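prediction below, plus the sequence it came from.
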Amino acid sequence: MPVDELDTRILRLLLEQPRTSVREYARILGVARGTLQARLDRLEREGVITGTAPDLSPAALGHPVLAFVHIEVTQGHLDEVGDALAAVPEIVEAFSITGGGDLLARVVARDNAHLEDVVQKLISMPGVVRTRTEVALRERVSHRMLPLVESIGRSARG
């Protein structure tokens, strides 16, 4: 089932006021609490809502260096390297990609020396051929979903 206008209003509220109760969301939206809960349950079941954990700042946790590491993998070893990446706590995300490299990892570190240690750990993994690291200087657009939700809402209104 596609996301409709009410769904987009719900998603917008979840993004703008993440600590509000379901009862308060229902009041704000002018719908019954049961209706809202059914919509939330469906959005979770369909994978639109993927979590409710708080967003944490790696910088505030003592890891202000952000880098993107492109990882080239020996053919046939993508899954095992991907599994090995999951064991490295400084890797906060990793994706299979097209283009230059096979995997792209988002890595956080305490400082440049720590980043080098993490990259050396990656290079020493069985199946890793080479890496290429790009250090982020400044975040220009932070992770966001609201503009996408608003665009979908405009499309739903039609």
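Structure received.

the most centrally placed residue in the chain: what's it in contact with?
For the chain, the residue nearest the mean C-alpha position is residue 93 (7.2 Å; CA atoms, centre = their mean). Residue 93 sits next to 105, 106 when contact means CB atoms under 8 Å, 6 or more residues apart in numbering. (Glycine included, C-beta is placed from N, CA and C.)

for it, grab phi and psi.
Main-chain dihedrals, residue 93, degrees, to the nearest 10: phi -160, psi 150.

which helix or strand in this structure has the lowest average pLDDT?
Lowest on mean pLDDT, DSSP states H and E among the helices and strands of the chain sits helix 146-157, with a mean of 87.

and that one, which residues are buried?
With burial defined by 16 or more other CB atoms under 10 Å, the residues of helix 146-157 counted as buried are 149, 152, 153.

how far away from the center of its chain is that helix?
Centre-to-centre, helix 146-157 and its host chain are 20 Å apart (CA atoms, centre = their mean, to the nearest Å).

got the contact list for it?
The contact list for helix 146-157, computed with CB under 8 Å, 6+ apart, reads 2, 3, 4, 5, 7, 8, 9, 11, 12, 15, 16.

residue 119: which of the buried residues of helix 146-157 is nearest?
For the buried residues of helix 146-157, the closest approach to residue 119 (CB to CB) belongs to residue 149, at 35.7 Å.

how about that closest one, nearest residue that isn't a chain neighbour?
In space, and not counting its chain neighbours, residue 149 is closest to residue 11: 4.7 Å by CB to CB, 6 or more residues apart in numbering.

I'd say the one you found and residue 43 touch.
Yes - using CB atoms under 8 Å, residue 11 is in contact with residue 43, at 7.4 Å.

shared neighbours, the two?
Listed as contacting both residue 11 and residue 43 by CB under 8 Å, 6+ apart are 3, 49.

for those two, indicate the residue with more neighbours.
Taking neighbours as other CB atoms under 10 Å, residue 11 and residue 43 compare with residue 11 leading, 23 against 18.

who touches that one in this structure?
3, 43, 48, 49, 145, 149.

double-check that it belongs to a strand.
No - assessed with DSSP: H, G, I helix; E, B strand; the rest coil, residue 11 is helix; it does not lie in a strand.

now the strands for the chain?
65-73, 91-96, 103-109, 128-135 (DSSP state E).
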